[in-house]
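# using only what follows, build the 3D model:
(one chain, ligands or ions: 1)
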Amino acid sequence: MSPRIQAVRGMNDVLPEESSRWSFLHMRARQILEAYGYREIRLPVVERTELFKRAVGETTDVVEKEMYCFEDRSGENLALRPEGTAGCVRAGIEHGLLHHQHQRFWYSGPMFRRERPQAGRYRQFYQIGVEAYGMEGPGIDIEVIALSARLWQNLGLRGVRLQLNSLGSEDTRGRYRTDLVTFLQRYQGKLDSDSQRRIITNPLRILDSKVPATQAVLSDAPSILDYLDTPARSHFDRLCKGLSDLGIEYEVNHRLVRGLDYYTHGVFEWVTEELGSQGTICAGGRYDHLVEQLGGSPTPAVGFATGLERLGLLMNAQKILVPGYGPQVYFCWVGDSARAVALQEGERLRRACPILRLIVHTEPMGLKAQLRKADRSGAQLALILGEDEVAAGGVQVKSLRDNYEKLLVPWPELASTLINQLGMKPDDQTEGLF
Ligand code: HAM
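Model (predicted):
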């Protein structure tokens, strides 16, 4: 036997059971995003490396240590996207969608970061992201946060807390950085080695350190909120008030900084205690200078992204069940004439009832073995067709999950019988699929 090839570390297969949860999450997210007027944008997985260097920041962990970069055959430096915001801005500028316009976009897909894998942290992970452009006031910050809150509510997630901070304007961060560096240099010897290095490269990121000794030092560090200028303070206050007006609870965390350099003003994270150290299920904020930094005209912007793996883990921890997407009906047949009828009637059923999920058995096999397969498929009902049923002009319907009698149903009544027995409601979205 040839040696087996295994998946790359940190890049996971999503098997059918888990995949049902993803489909469900995706469907709910799409419904909510569309209800708020967001339109889907589909972006490439590969972009020029330069895009992320400029957007995310050369000294961030994401760019410095975690990007999958490669040279393609013509010598171009390309990268697997580590996040979606940079590509969304690039596309918006390239297609003239951002200049003097209000835009609301959403996207989804895999992102890649070469982090150390652990539960909730992977090298390929899947995000649903939201980006809004052209709106300066806090109304749009409030909208994207409300929209994410609506998603958790809709999914039935409990105990996710909203943390908020403001990183103010560039001037705020400049003044704050100077004072923070002075403070940190005083305690340099007590900081972990990574944080010592960051004093020069990216001092604000030290606020995010999980190392206990560093955290102890940080308890006396200056707060960025004391450095906000009047417009930044007013923006943040209006954001907080707007959330309160909508009944959305939040905590202000002045040490909340983000791992990507493009943020300004309000930033936020939704966190849970139930996923250990990878408890941030969603994160985002305002990034008013990025469009300009990437060659567009000055355009205010705000957005967030949520990680599907973490949402899935949390739903699992909270025992939130999602509808299965496996087959509901398994069509068994015995004999050549029954096989031909089963294939034809199977097609007719799918046309008549597009929301029905039906497997027609394909290989010649004894009825008992077919019924075992039907049971293992997870279907609730089996259809059984032999010579007798063909002659009688119908099919036996048998419940695989309880002891109801088998029932001979004439072909014209089959679709409505199945819909009744499965307790299905006609679904507008899939109507006309065939
Ligand atoms: P981020 O905080 O880097 O922000 O990622 C957003 C979310 O993606 C995280 O809260 C987490 O749920 C998930 N995530 C990140 N890294 C991993 C990983 N290695 N494994 C599993 N899940 C992960 C951004 O990506 C920004 N682009 C968000 C944004 C959009 N800001 C403005 N607009």
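# how far does stretch 104-121 sit from its chain's centre?
With Cα atoms, centre = their mean, to the nearest Å as the basis, the distance from the averaged C-alpha position of stretch 104-121 to the chain average is 8 Å.
# hmm, the longest helix along the chain touching the ligand?
Identified as the longest helix of the chain according to DSSP state H is helix 16-35. No: no part of helix 16-35 sits near the ligand under the criterion Cβ under 6 Å from any ligand atom; the closest distance found is 12.3 Å. All C-beta atoms are positioned from the backbone trio N, CA, C, and that covers glycine.
# begin at 532, not 1, for the rest of this chat.
Shifting the count to begin at 532 puts that one at helix 547-566.
# tell me the buried residues in that helix?
Of the residues in helix 547-566, 551-553, 555-556, 560, 563-564 count as buried by neighbour count, 16 or more other Cβ atoms under 10 Å.
# got a list of what the spatially closest residue to V802 that is not a sequence neighbour touches?
Among residues not flanking V802 along the chain, G810 sits closest, at 4.9 Å (Cβ to Cβ, 6 or more residues apart in numbering). Counting by Cβ atoms under 8 Å, 6 or more residues apart in numbering, G810 makes contact with 651, 802-804.
# and the residue lying closest to S808 once chain neighbours are set aside, which helix or strand is it part of?
When the adjacent residues along the chain are set aside, S808 lies closest to K741, with 6.9 Å between them (Cβ to Cβ, 6+ apart). Using DSSP states H and E, K741 maps to neither a helix nor a strand.
# what's around K741, how many residues?
Burial of K741 is recorded as 8 neighbouring residues (other Cβ atoms under 10 Å).
# flag every residue of the chain that's near the ligand.
Checking the chain against the ligand by Cβ under 6 Å from any ligand atom, the hits are 614-616, 644, 646, 652-653, 656, 658, 660, 662, 790-791, 811-816, 818, 834-838, 840-841.
# in the stretch 782-931 of the chain, what residue spans correspond to helices?
Applying DSSP state H, counting those that start in this stretch to the stretch 782-931 of the chain gives helices spanning 821-824, 839-848, 867-883, 898-907, 918-923.
# CSV for the ones you listed, including mean pLDDT?
Formatted as CSV, those follow (pLDDT from 0 to 100):
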stretch, mean pLDDT
helix 821-824, 98
helix 839-848, 96
helix 867-883, 96
helix 898-907, 97
helix 918-923, 96
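# got TSV for those helices, with mean neighbour count and distance to I950 too?
Below are these laid out as TSV (neighbours: other Cβ atoms under 10 Å; distance: least, Cβ to Cβ, whole Å):
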stretch	mean neighbour count	distance to I950
helix 821-824	20	50
helix 839-848	20	28
helix 867-883	16	10
helix 898-907	15	19
helix 918-923	14	20
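# wait, a helix at I737?
Yes: counting by DSSP: H, G, I helix; E, B strand; the rest coil, I737 is found in a helix.
# list the contacts of the nearest residue in space to it that is not next to it in sequence.
Among residues not flanking I737 along the chain, S726 sits closest, at 4.5 Å (Cβ to Cβ, 6+ apart). With contacts defined as Cβ under 8 Å, 6+ apart, the neighbours of S726 are 715, 737, 740, 742, 745.
# chain neighbours aside, what residue packs nearest to F767?
Nearest to F767 is S697, by Cβ to Cβ, 6+ apart, at 4.1 Å.
# hey, what's that neighbour bridged with?
In this entry, S697 is beta-bridged to G797, by DSSP bridges.
# my read: it touches S765, true?
No: at 10.5 Å, S697 does not count as touching S765 under the criterion of Cβ atoms under 8 Å.
# any idea which residue of the stretch 632-781 of the chain lies closest to the ligand?
Proximity of the stretch 632-781 of the chain to the ligand (Cβ to the nearest ligand atom) peaks at F656, 3.4 Å away.
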